[in-house]
Structure formats: C-alpha cells, structure tokens
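Novice: Show me how the following folds:
(one chain, ligands or ions: 3)
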Amino acid sequence: MEELGMERVKKEIIPEFAVEGTLEETVPYGSGHINDTFRLTCTLENGGQKRYILQRMNDDVFKNPVELMENVMNVTSYLRKKIVERGGDPDRETLNVIPTKTGDNFLKDERGDFWRMYLFIEDASSFDMVRTPEDFYNSAVAFGNFQLLLKDYPASTLHETILNFHNTVSRFSDFKKAVEEDVCGRAKEVPGEIRFVLEREADTHAICDALADGTIPLRVTHNDTKLNNVMIDNQTGKGICVIDLDTVMPGSALYDYGDSIRFGASTGAEDEKNLNLISCDLGLFETYTRGFVEGCGGSLTQEEIRMLPMGAKLMTLECGMRFLADYLQGDVYFKIHRPEHNLDRARTQFKLVADMEQKWDEMAAIVEKYL
Ligand code: ADP
Ligand code: GN1
Ligand code: MG
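Specialist: Numbering: from 1, shown residues only. Ligands and ions are numbered 1, 2, ... in the order given. Predicted structure coming up:
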C-alpha cells in the first residue's frame, strides 16, 4: 500500500462520508499493526463535538475488503440487537459503521484503497499494557462475553477474512517456507530462533486435532483479542466494547483466550528488547482466566478449560512464528517502526513460550480451579 498524505485524506476521503458538523481535526490514531487509523473531530452547529474513527483497510492483509465489511455489518447489527435487548447502549457497546454519502458501508477511492468509518467510542480508552489487574480482568470478561453474545450466530454465514488464520499447522508450514526461501538472506542471523520453532512442531497440532476430532467445539470467535482491541470505560473501568472485528470468524475459544494471555499476561511489551523483562505473570494469568470463564457465562466445555494453557502457549508460539516469518520475508505484513522490530517481537514471544513451558504445571493447576 502507498504512503498516505494527510491532505489527501482530508480533501478526498473524509468528504465522501456522512459525518456531522464541520471537520476540525484529523490525527493518526492508535497503535494497531494492520490498518491505518485516524481520529476525526467535528464541531456541531450547537457548539458540541462529534468524533469518528476513519480507517484505511489493509488490503494486503485482507484480500477481500468487501466480504470483510459484510462480516462487520452483519456482526455489529446482530450485536446491536442483543445489546438493546439487555438494556445496553448500542452506540458505545459495539462498533457503529458510518456510511458514505451514497449510503455504502465503505469507500473505494480512486487509487483502489478501501476506507471505512466508525463512531468514536467516547469516555473509554484502549491500553497497550496492563495498567492494573482489574483492567485485565475486565478485558477478559468483555472478550468472554463477546463470544457468549455470538453463541447462536450462524457461523456458516461468516466469510473467512484470512484463511487458516489460527491454524497453527499451516502457520508452521508457512514459517518453514519462509525459512527455506530466505528472500532477504536473514536466516543466518537467527538460527537459534528458527530452531526454537522447529523443535516445537508437534505442539502445533494440539488445537487443530482437538477441533478436528470434536474434542472441542468450533465457535464464532474474535481471533485478535489483544488488550488494545477492547475499550475500557473511563468511569466504570469495565470492558465496554470489543473492537477490531476484522477477524471475527469461526474459531476456537482457545484462540481468544490464548491471544489475550500472550499479550496481556506478559511482564513486558510485545516489542521489548530486554528479554530479562519478559515472563508470563501467573497472577495475571489467573486473573484473565477467571474473567474469561465468567464472561463466557458457563459456555466453555470442561475440555476447553483444561486446554486453556495450550491456547496460551500456541497463540504465543504462532505469533512468534508470524513475526519471525515476516522478518525473514522483509517486513511485509506487520507495520514496523524500526529495523529488526519484527525480530524483537518474535523474541519476546519465544521467551514467553519458554517461560510458559517452565510454568506448565502451575498453569494447569490454575485452570483446574475453574473446571
Ligand atoms: P488495527 O487492526 O490496526 O489494530 P483497530 O481497529 O484495532 O486497528 O484500531 C486501532 C486503534 O484505534 C484501537 O486500538 C483503538 O485504540 C482505536 N479505535 C478503533 N476503533 C475505535 C472506536 N470506534 N472508538 C474509539 N477508538 C477506536
Ligand atoms: C495484529 O491488528 P492488530 O494490531 O490488533 C494481527 C494479530 C496479531 C497482532 C500482534 C489481522 O493485530 O493477528 O496477533 O497484530 N492482526 C492481523 O500484535 O493479522
Ligand atoms: Mg487492533
């Protein structure tokens, strides 16, 4: 995708959307690795303000933005109904798509880029690090609850926006291919990291096999449950809204649980360079487990609960493989902000996996309590 000029965004993109009031400010926003996000502030005639989120969808990552937006529209209108039924505020508790002036749910601009707009969720924040265990607990309840709300959603009507997104077996084979092709000649710099992944091939089958033989059920899941994909209400501290719905697809509860642990139960940032600062905090692991099981409202099966530690380990290993593969391929998928950014990210993930392996019995004992 091409670089974005702010003037072009203001002149050519924003005027196409049905925003209220006069545009005052447009700023790049958030720290997601995939889309280009902007926050818009408009002044209303009555002197009030209205804010929006504008995103250029990443069509290198999402090959079919039209299908993606179909998923987003269908899932958000389903959630809206459920939220209204329970007496909630659908303008804050789910994403709301702002149409274009011609009534479409996205804009395809002259260059072929895809854009969409959401109502900005006010009085709420998303965090890149766990501030307090309460935040992490509340995010767990929100992600668990998200899955519960979508329990009866007709999964077969969802498009698979990224094929085999959390299929760790196919992720492993993609990784091996990236090592073999070694298009940038970087493999020789990272033999230890590559070996770390290759030694764990057997593990990559655990969740795929359990899904295939029916040991655990296929569900509608979020699949990208990083802490910064949930909005925490500034007043109540509760997880008010799950955002970043691009990867809502059929999956396993273990994916949603595991991805949150990988990001939020780490004692350091995803891209921390000092690996001595990285470990899996078992206090946070337990806090999240409690919140997620509660949020799922009794819908998790005993086998799913038993396999939660495997969810945490495999989502972490998978993410590490993806970061390292991207490093080997020349940083073409995840946004990077410095050279070796993806390598640093991969290393934190492997450090976490190794730490989880050390703490395996304790992790198993913690989840046992929630059976
Ligand atoms: P990415 O796929 O790149 O991660 P996200 O959809 O997660 O993109 O958006 C990036 C960030 O923008 C989020 O982490 C959040 O801070 C902010 N954000 C996204 N949507 C909204 C919204 N509707 N209201 C307020 N903030 C939002
Ligand atoms: C990406 O979009 P964002 O930043 O929430 C990625 C996730 C990774 C995550 C790692 C569509 O999430 O799968 O786990 O980065 N999203 C996609 O931080 O690939
Ligand atoms: Mg995000």
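Novice: So which residues on the protein come close to ligand 3?
Specialist: Counting by C-beta under 5 Å from the ion, the positions of the chain adjacent to ligand 3 are Gly32, Asn229, Asp244. (C-beta placed from N, C-alpha, C; glycine too.)
Novice: can you tell me if stretch 235-253 touches ligand 1.
Specialist: Yes: on the criterion C-beta under 6 Å from any ligand atom, stretch 235-253 is in touch with ligand 1 at Ile243, Asp244.
Novice: Span of that stretch from start to end?
Specialist: 29 Å (C-alpha to C-alpha, to the nearest Å).
Novice: Distance from the chain centre to that stretch, please.
Specialist: 8 Å (C-alpha atoms, centre = their mean, to the nearest Å).
Novice: For the residue of the stretch 201-350 of the chain found nearest ligand 1, give its distance to Thr37.
Specialist: Closest to ligand 1 within the stretch 201-350 of the chain is Asp244: 3.4 Å, counting by C-beta to the nearest ligand atom. Look at Asp244 and Thr37: by C-beta to C-beta, to the nearest Å, they are 10 Å apart.
Novice: More neighbours: which of the two?
Specialist: Asp244 (22 against 17; other C-beta atoms under 10 Å).
Novice: can you pull the contacts of that one?
Specialist: Under the criterion of C-beta atoms under 8 Å, 6 or more residues apart in numbering, the neighbours of Asp244 are Gly32, Asp224, Lys226, Asn229.
Novice: Any chance of TSV for the residues you listed, columns pLDDT, secondary structure and neighbour count?
Specialist: Converted to TSV, the contacts of Asp244 look like this (pLDDT from 0 to 100; DSSP: H, G, I helix; E, B strand; the rest coil; neighbours: other C-beta atoms under 10 Å):
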residue	pLDDT	secondary structure	neighbour count
Gly32	92	coil	20
Asp224	98	coil	24
Lys226	97	coil	23
Asn229	97	helix	24
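Novice: what's the closest of the residues you listed to Leu314?
Specialist: Ranked by distance to Leu314 (C-beta to C-beta), those are led by Asp224 at 15.2 Å.
Novice: wait, is Thr236 part of a strand?
Specialist: No: under the criterion used here (DSSP: H, G, I helix; E, B strand; the rest coil), Thr236 is coil, not part of a strand.
Novice: sorry, back to before: restrict the contacts of Asp244 to contacts with ligand 1.
Specialist: Gly32, Asn229.
Novice: so which of the contacts of Asp244 would you say is closest to ligand 3?
Specialist: Distance to ligand 3 across these (C-beta to the ion) is lowest for Gly32, with 3.7 Å.
Novice: surely the closest one meets Asp224?
Specialist: No: Gly32 is not in contact with Asp224 according to C-beta atoms under 8 Å; the separation is 9.3 Å.
Novice: I'd like the residues of the chain next to ligand 3 written out as a markdown table, with distance to Ser170 added.
Specialist: Shown next, in a markdown table, are these (distance: C-beta to C-beta, whole Å):
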| residue | distance to Ser170 |
| --- | --- |
| Gly32 | 24 |
| Asn229 | 23 |
| Asp244 | 22 |
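Novice: Same list (the residues you listed) but as JSON lines, adding distance to ligand 2.
Specialist: Converted to JSON lines, those look like this (distance: C-beta to the nearest ligand atom, whole Å):
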{"residue": "Gly32", "distance to ligand 2": "4"}
{"residue": "Asn229", "distance to ligand 2": "5"}
{"residue": "Asp244", "distance to ligand 2": "5"}
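Novice: Out of the contacts of Asp244, the closest to Asp271 would be?
Specialist: Scanning the contacts of Asp244 for proximity to Asp271, where the rule is C-beta to C-beta, the winner is Lys226, at 12.8 Å.
Novice: interface residues of the protein facing ligand 2?
Specialist: Residues of the chain lying near ligand 2 (C-beta under 6 Å from any ligand atom): 32-34, 61, 224, 226, 229, 244, 246-247, 259, 270, 319.
Novice: now the helices for the stretch 151-300 of the chain?
Specialist: Counting by DSSP state H, counting those that start in this stretch, the stretch 151-300 of the chain has helices at residues 168-181, 191-198, 206-212, 253-264, 282-295.
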